[in-house]
Each structure stands twice: as structure tokens, then as C-alpha cells.
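[1] no sequence on hand, only this structure:
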Ligand code: DGT
Ligand code: CA
Ligand code: CA
Ligand code: ZN
């Protein structure tokens, strides 16, 4: 079990306890414990397994939680969770995933209606029954209906990093087989889509039967869904991620990569193009219609070339004009991970990060970066012990000294992730912001304003002359919270006019901006930063997901400020 598994079970239990009306202090201790474990650098499973380590040495884990963690370690649940799952209908955990429906409302629902399933809850809303309960109204009914629709849309999809890690694990496991020539990721994961339905892997070389056999024996396999001569499908772990592994002949590997990378829409357009050229395209190759001769198939590039196209990067294969561009050699030169010279959004122990400035700097240096900006939270985030004006100014001063000493081997920019207040004002006085190199302005509260009010709020924010970038501009949390509604075009236009960059936040829970917004903003001439919002040194590696999103949005290195050299980046700051 990973730390995120322990954390999830603790959060769930806390939610169930809240529905049950348990003691608030106990609920908080579960949530605090979960939050600590989520960001804890060591594996909880290792600590529990090590007789010389004490789990109560982890901050926030007392004797009570220690016992709970040991139980979770043993059987994936704990006593209180089991009791409550007995007491409430099995769908209680799904109810908690409905946006806009908190534990208190769920408790009321269970008390007054015999709702057992999401379908029944949906019917209650449609029958306008929710509004008969205290503090519930027509608005909540609408919200719950929307929440249910979203839940259905989200169910069965996974975050990009989760699918990515599972794919890497399997590739390493299968890669050990002798004679294996290639094992590659295809499908939406290769296209870098923000959420993944299932993982598609393709292999060639070696003994196909042995490869497919080995897939089924991976320790995380929970269920073998299908087993054929060319394909094995498995379901992994308690989360149930599906993985399809296909074995192919060397000569058709390229065609199969093309076919199984998709997207479906891209493939349909490509097949139509083939037909117009007297060719037929399938997962085995590109063939002439008249005499069935093979024209291409061994490599993907060969398939595109035979269709009169430049090779289209997987991230652009969504049938959004990329085929036309490939025909006229007009595809953009997409940004590459190696173009990135620094990360401009990260937190430290000064607020809610888990590592010191020095540790973050060292990790960034190890990634080969020239510079980083340290951007801790501002005071509105009091839970995170956000910086006030005095601490902001002191911090700018400290960073100047650090750079003069120059002993960290990397340039530090003093920064701040400054909260945007409800009315659009900055959480920190402009004079203090002026001392900093990099200011990221972000919304962390009041996300349910009316769209017009939210637009006005962001337009007012952009009046501040010290902002470098708008942080995670739509506020979405993938599979969890939709973007807050506002007039994106208006805000992006204003950002362009004022020379404020837009962030592509590479945290896999966010990927915000998403590809469609990136594309639209680029068309307006916007500049971007791609950053990780790291709260731990290992999060710096999430740059990879930010880059995938930037590529899906069609960005080149020149569109992104943190591909610039330090000197040029400084010049670009207003
Ligand atoms: P996902 O798994 O929902 O995140 O998205 P994909 O794109 O990975 O979809 P998946 O796993 O169903 O199929 C993998 C690729 O296989 C897909 O991107 C394109 C290709 N493919 C699947 N079904 C069809 C089809 O009916 N027609 C065509 N042309 N291609 C298909
Ligand atoms: Ca897939
Ligand atoms: Ca699939
Ligand atoms: Zn933030």
C-alpha cells in the first residue's frame, strides 16, 4: 500500500464518521493524520514493517491512529469504517463523492429517506423531495443532479500520474523477459490526456505467449479479464485500473502503435484520407486497395509518410486540425521537457511544503535547472501559515543574500503564491509584492461566485502591476471539482494586454490550464509558465505532466517563460 492509500482510507473514515455525527475532535485527528501521511516522504508501509521504527514518531500520529494504521495495513480497513459501512448503505462512499453534497446533508438524507443508491438519490431530486428537508432547496437539488452526472462521467477514469506509474511498473516487470524487443505505451496515456480510462501497452519480440503469461502474474493484478493469443487484459489493485497488453509482429508494430495510440477521431480521419489515396489503414499496416500490397507498417513514421504527412506527435492526435498542418509541414515544434530551465511554483516548510528551501533547491539543481522560484502561500491561507507583508519582505531580503553567497549551485527567485481575495484584491500590499521577483496570483477560496462576479474578480486582480502569472487559472481538481465558471476569453485577453503569463500547473490533480484553454490562449498571444506547485522535492518531477499538457495545447518553447535563460527570464519580468 502506498501512502495515498492509507490517506484515502482515513479521509473516507473521517467522512463516514461525520455522517454518523461522531466526535469532531476525533474526526479532525483522522483528517490531520491523512494529510500528514499524504505528504510524508517515507513510506508508511515501510515504517510499519520495520521493528526498529515507530509510527508514532510521524508528526500527528498518536497511539489511536497508530492502531488504526496497523489495521489498515493488515486488511485495508479499520473497525470504525467497517461499522459505519454496515450501518449506512454501501453507496455511502459514492454519495460523498458527489460535489455539493457534504456529510451533514447526507446524514439528513439517510435520516429522512430510505435512499440506498445514487439512482434513488437522483429520483428524489427529480421529484423535488430534497427541498422538503431543513436547509435544503431547489438549488441544492440542481447541484446534486449536476454532481451525479459528473460522478458518472468521472467513474472509471484515473489521474494521469496514477496510470503512468502503473504502466511503468508493468513495463519494468515484463521487460525482464528475454528476447523482448520493445514494450511501449499507447492509448490516451501516450497522448498525455489529463485522465485515463485504461492503459494500453504494446510489445514485440520474444515469445508472445510468455510475455502475456507474465503480465497476468504481476503482483498487483486483481483479476484477469481476458486472455487471448495476442492480448491479455487485467485489472489492477483495489482501484481497478484496467490494462490491455497486446503482442505484435515486428513488421506491424508501427501500424499498431499508430492505431492503438488513437485518438479514435484522429484514426477515423486518417483512414478516410487513406481511402482517398486508394489505401486502407488498420492495426496491421497500410495496404493498397487494388492488390493488397503492404505500403507501410513497421514504423509509425512510415505510416504517416506514406499518407503524405509529417509525423504527428501523439499529444496532437485529436483531429483538431493536426492532419491538415502535417500535410503542409505546418506542425508546431512542440516544447520538450529538456527545454525547461527552471520551476517557478513550489512551496517549502515556511508554509505547507514538506521540505526546506535548501532541499527544494538541491532537488531542482539535480534536475539540471538553472533557477527556481520559491512561492509559498500568503496570509489568507492561515491554515498553511501563509506569509504576511513583513515575512514577504524579509524573504525577498534573505533570497538576495542567498544568491550573493551563491553556494546552492542554482539561482533562487524570491516569489509568492499570493491569494486572490473575494473581491479580486491581492492578499498582500503592492509595496511588499514589489520586493519579489515572481508573484503567482491564485484563487483558493470563494470559488462558487456567479460567472460575471468571478470574471470581474480576475480582471481586477490583473490590475496589480506585480503579477508574473495567474496560478491554476480555472481552479479545477481533476475527477473532483470542475473549473469555476468565468469568461475565460476576457480574462486571457486582459492577461495578454498586461503581460501576465498563464500557468500550466503540472500537478496531476490539476493540470490547469488544460489543453483546450492553452490552445485558445496561445491564439491570443498569451505567454505561459509550466510549473509543478511542488510541496515535496519529488513533486518537481511532475513537470513531465505539465509539459504533456503544454504539448497538447500546441505550445513551443518560445511560448513558455521558464524555457528562457535566467537573464532573458529576468528581462521578461515587468
Ligand atoms: P481511454 O482509455 O478512454 O483513456 O482512451 P483511449 O484513447 O486510450 O481509448 P481505448 O483504450 O478505448 O483505445 C485505444 C486506442 O485504440 C484509441 O485511442 C484508438 C484505438 N481504437 C479503439 N477503438 C477504436 C475504433 O473503434 N476505431 C478506431 N479507429 N480506433 C479505435
Ligand atoms: Ca486506453
Ligand atoms: Ca484499451
Ligand atoms: Zn495554489
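    Good, I have the coordinates. Note that the structure is predicted; figures quoted are calculated from it, not measured. Numbers count the residues shown, from 1 in each chain. Ligands and ions are numbered 1, 2, ... in the order given.

[2] on the three-state scheme, residue 34 is what?
    helix (DSSP: H, G, I helix; E, B strand; the rest coil).

[3] ok, residue 439 next?
    strand.

[4] what sits against it?
    415, 416, 418, 433, 466, 467, 468, 469 (CB atoms under 8 Å, 6 or more residues apart in numbering). To be clear about C-beta, it is placed using only N, CA and C from the backbone, and glycine gets the same treatment.

[5] against residue 490, how distant is it?
    Residue 439 is 21 Å from residue 490, where distance means CB to CB, to the nearest Å.

[6] repeat for residue 143
    From residue 143 across to residue 490, the span is 26 Å (CB to CB).

[7] tell me which of these two has more neighbours.
    A count of neighbours by other CB atoms under 10 Å puts residue 143 above the other of residue 143 and residue 490, at 18 against 13.

[8] would you check how far apart the more buried one and residue 78 are?
    31 Å.

[9] tell me the SS of the most centrally placed residue in the chain?
    Centre of the chain computed as the mean C-alpha position; nearest residue by CA atoms, centre = their mean is residue 508, 1.7 Å away. Following three-state DSSP, the label given to residue 508 is coil.

[10] ditto for residue 407
    Assigned with three-state DSSP, residue 407 falls in the coil class.

[11] pull the number of nearby residues for it.
    Using other CB under 10 Å, residue 407 has 8 neighbouring residues.

[12] what do you get for residue 298?
    Count around residue 298 with other CB under 10 Å applied: 16.

[13] ditto for residue 49
    Residues lying near residue 49 (other CB under 10 Å) number 10.

[14] tell me the pLDDT of it.
    On pLDDT, residue 49 comes in at 93.

[15] mind checking how far it is from ligand 1?
    Computed as CB to the nearest ligand atom, to the nearest Å, the residue 49 to ligand 1 distance reads 35 Å.

[16] pLDDT wise, what is residue 383 at?
    If you check residue 383, the pLDDT there is 74.

[17] excluding residues flanking it in the chain, which one is nearest it?
    Nearest residue to residue 383 in three dimensions, chain neighbours excluded: residue 352, at 7.8 Å (CB to CB, 6 or more residues apart in numbering).

[18] ok, residue 271 - contacts?
    Counted by CB under 8 Å, 6+ apart, residue 271 has contacts 280, 281.

[19] can you list phi and psi of it for me?
    Dihedral pair for residue 271: phi -60, psi -40, per degrees, to the nearest 10.

[20] test my guess that residue 174 contacts residue 215.
    Yes. Using CB atoms under 8 Å, residue 174 is in contact with residue 215, at 6.0 Å.

[21] common neighbours of these two, please.
    Listed as contacting both residue 174 and residue 215 by CB under 8 Å, 6+ apart are residue 245.

[22] neighbouring contacts of stretch 138-154?
    Outside stretch 138-154, the residues within contact range by CB under 8 Å, 6+ apart are 94, 97-101, 105, 118, 121-122, 125-126, 128, 130-131, 195, 479-480, 482.

[23] the same query, at a cut-off of 6 Å, please.
    Residues from elsewhere that reach stretch 138-154 (CB atoms under 6 Å, 6 or more residues apart in numbering): 97, 98, 99, 100, 101, 118, 122, 125, 130, 131, 479.

[24] kindly report the residues of the stretch 201-350 of the chain close to ligand 1.
    259, 260, 262, 263, 264, 267, 268 (CB under 6 Å from any ligand atom).

[25] with adjacent residues omitted, what lies nearest to residue 348?
    Closest residue in space to residue 348, ignoring its immediate chain neighbours: residue 357 at 5.0 Å, by CB to CB, 6+ apart.

[26] does the one you found touch residue 350 like I think?
    No. Here residue 357 lies out of contact with residue 350, judged by CB atoms under 6 Å, at a distance of 7.4 Å.

[27] which of the two has more neighbours?
    residue 357 (21 against 17).

[28] per-residue pLDDT of the residue found closest to residue 216 once you drop the neighbours it is linked to in the chain, please?
    In space, and not counting its chain neighbours, residue 216 is closest to residue 224: 5.0 Å by CB to CB, 6+ apart. As predicted, residue 224 sits at a pLDDT of 95.

[29] burial measure for the nearest residue to residue 39 once chain neighbours are set aside, as a count.
    Leaving aside its chain neighbours, residue 39 sits nearest to residue 354 (4.8 Å; criterion: CB to CB, 6+ apart). By the measure other CB under 10 Å, the count of residues near residue 354 is 20.

[30] what strand or helix carries residue 354?
    If you go by DSSP states H and E, residue 354 is not part of any helix or strand.

[31] how about the contacts made by it?
    By CB under 6 Å, 6+ apart, the residues touching residue 354 are 39, 535, 536.

[32] domain assignment for the protein?
    3-154, 158-248, 253-327, 337-573 (automatic domain parsing).

[33] just name the most buried of the ones you listed.
    Comparing the domains of the chain by mean neighbour count (mean count of other CB atoms under 10 Å), domain 337-573 ranks first with a mean of 20.

[34] can you name the residue of the protein nearest to ligand 2?
    At 3.3 Å from ligand 2, residue 187 is the closest residue in the chain, using CB to the ion.

[35] touching, that residue and residue 200? I think so.
    Yes. Under the criterion of CB under 6 Å, residue 187 makes contact with residue 200 at 3.4 Å.

[36] now for the contacts of residue 439: which two are most distant?
    433 and 469 (13.1 Å; CB to CB).

[37] which SS state does the residue nearest to residue 475 when sequence neighbours are not counted fall under?
    Ranked by CB to CB, 6+ apart and with sequence neighbours excluded, the top spatial neighbour of residue 475 is residue 484, at 4.7 Å. On the three-state scheme (three-state DSSP), residue 484 is labelled coil.

[38] who are the contact partners of residue 484?
    447, 454, 475.

[39] Three-state assignment for residue 90, please.
    coil.

[40] now do it against residue 16, distance only.
    Per CB to CB, residue 90 is found 12 Å from residue 16.

[41] likewise residue 78?
    Distance from residue 78 to residue 16, by CB to CB: 11 Å.

[42] now swap in residue 35 and tell me
    Distance from residue 35 to residue 16, by CB to CB: 17 Å.
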